[in-house]
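Novice: Have a look at this fold, sequence not included:
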């Protein structure tokens, strides 16, 4: 093994993290121009992966509970993770292309760090001994979780099995991390009883999720339904709908029943509607809509009624109607100013319903309009900056509406996003998504962020990626 005492001390870096969450790793030290070799020289890294940079190599190690050391090879971007920590510091090999990071202690996985470079003047004339402590003078107090800088002015002595004299000052980087929160991750849960797409999913009052209808192939439409139990991660079948349907809507009413309306099956569109009773697991027919429709939207208004608008039934629609849960009947209300489908409908804090974008069979729309449930009328509002359909729309906690992605018949798949201000009736652009996507889904998280998942991009490309706004 090549002598390593000099480069070990001259290149020492402390990474400090102060945090109250429990992910992984508090402290590591970094040894440039060196690579890690297990105590048993024949052992191999338990993970070897190509990664973008040294920081992500560090994170890869901290994410693995068995990782004790990581070596990043700059020329190949290869990150090697090691678990054997026996005699760890005595098994460094000189390598100008590599940097090694060793876990000292901790139980945290840090977020992206902030850094500040600080000179270290090392003037020790005595050999390094193992094990010894790190002595430093802090010129400003450290306070978590802020990004804090500290000046290290005294010699560093580190555990080592070799000795050397130090006479050259060096510059290192003190890296501090803000407090972390748990990193969201995806985990597999129980499978449904059968394949389905173009179905609906509704959260019930007891926390279960009702999935109904859809299709399991191009020619097979479903009337089956099943319930997901979040506590057990399992699915159980429940009563079947009275007819097969996909491209329908499902709305959980204030009385706990679920209203399913419209849809299509084998090319036929219908106006029928039915109610699911979670207490009995059965479906009952309720009043039919005035128009057959699929690909429509349904919004629950403040008074408990359900507003169904737009859609397609062989022609593109601008009609709207209201379902009264008390009587089980539908009444027509004012029609939108233009026909559209594959648009979005969002309930604003003031009770108005914002409809934006869509497609009319020949052109993509950027227009938007507002429904007033008190008068049953529509008024136009500011148009979006980009025409789009098959996009997502979400009302944010500040009252603005975020619209993102979708498809434009001229521009193709979109990653652009914009915000609607209800106070001014205007749209402003906001940051683009990382990936252009259409037919994606979005959900509001408890921290207020919007999780966007999946979708389609570039025609035949279906996505499993997700991003946060």
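Specialist: Looks like it came in fine. Here the structure is a predicted model, which means the values were calculated and not measured.

Novice: And stretch 315-334, end to end?
Specialist: Taking CA to CA, to the nearest Å, the span from the opening residue of stretch 315-334 to its closing residue is 18 Å.

Novice: next one: it to chain centre, how far?
Specialist: Between the centre of stretch 315-334 and the centre of its chain there are 35 Å (CA atoms, centre = their mean, to the nearest Å).

Novice: likewise stretch 217-234?
Specialist: For stretch 217-234, the distance between its averaged C-alpha position and the chain's averaged C-alpha position is 24 Å (CA atoms, centre = their mean).

Novice: how close does residue 275 sit to residue 209?
Specialist: Between residue 275 and residue 209 the computed distance is 17 Å (CB to CB, to the nearest Å). Yep, even glycine has a C-beta here, placed from its N, CA and C like the rest.

Novice: again but with residue 355, I slipped
Specialist: Taking CB to CB, one finds residue 355 at 27 Å from residue 209.

Novice: Adjacent strands (with direction) for the lengthiest strand in the chain?
Specialist: When the chain is parsed with DSSP state E, its longest strand is strand 92-105. Sheet neighbours of strand 92-105, with direction, are listed as strand 27-36 (antiparallel), strand 69-73 (antiparallel) (DSSP bridges).

Novice: Going by neighbour count, list what's buried in it.
Specialist: Taking 16 or more other CB atoms under 10 Å as the neighbour-count basis, strand 92-105 is seen to contain the buried residues 92, 95, 98-103.

Novice: Next: stretch 196-204.
Specialist: For stretch 196-204, the buried set under the neighbour-count rule, 16+ other CB under 10 Å, comprises 196, 198-200, 202, 204.

Novice: do the same with stretch 460-469
Specialist: Within stretch 460-469, the residues that qualify as buried by neighbour count (16+ other CB under 10 Å) are 463, 466-467, 469.

Novice: thinking again about what came up before, looking at residue 275 and residue 209, which one has more neighbours?
Specialist: Neighbour comparison, residue 275 and residue 209: the larger count goes to residue 275, with 18 against 14 (by other CB atoms under 10 Å).

Novice: Around residue 217, count how many other residues there are.
Specialist: Here the count is done by other CB under 10 Å, and residue 217 has 10 residues near it.

Novice: quick one: low-confidence ranges for the stretch 1-150 of the chain?
Specialist: Of all residues in the stretch 1-150 of the chain, those with pLDDT under 70 make up the ranges 1-29, 37-43, 84-92, 104-150.

Novice: before we move on, back to that, which pair of the buried residues of stretch 196-204 spans the longest distance?
Specialist: Greatest spacing in the buried residues of stretch 196-204, by CB to CB: 198 and 204 (20.8 Å).

Novice: Would you map the strands across the stretch 351-469 of the chain?
Specialist: Counting by DSSP state E, counting those that start in this stretch, one finds strands in the stretch 351-469 of the chain at the ranges 353-356, 368-372, 377-381, 392-395, 401-404, 407-408, 412-413, 417-421, 426-430, 441-444, 450-453, 456-457, 461-462, 466-468.
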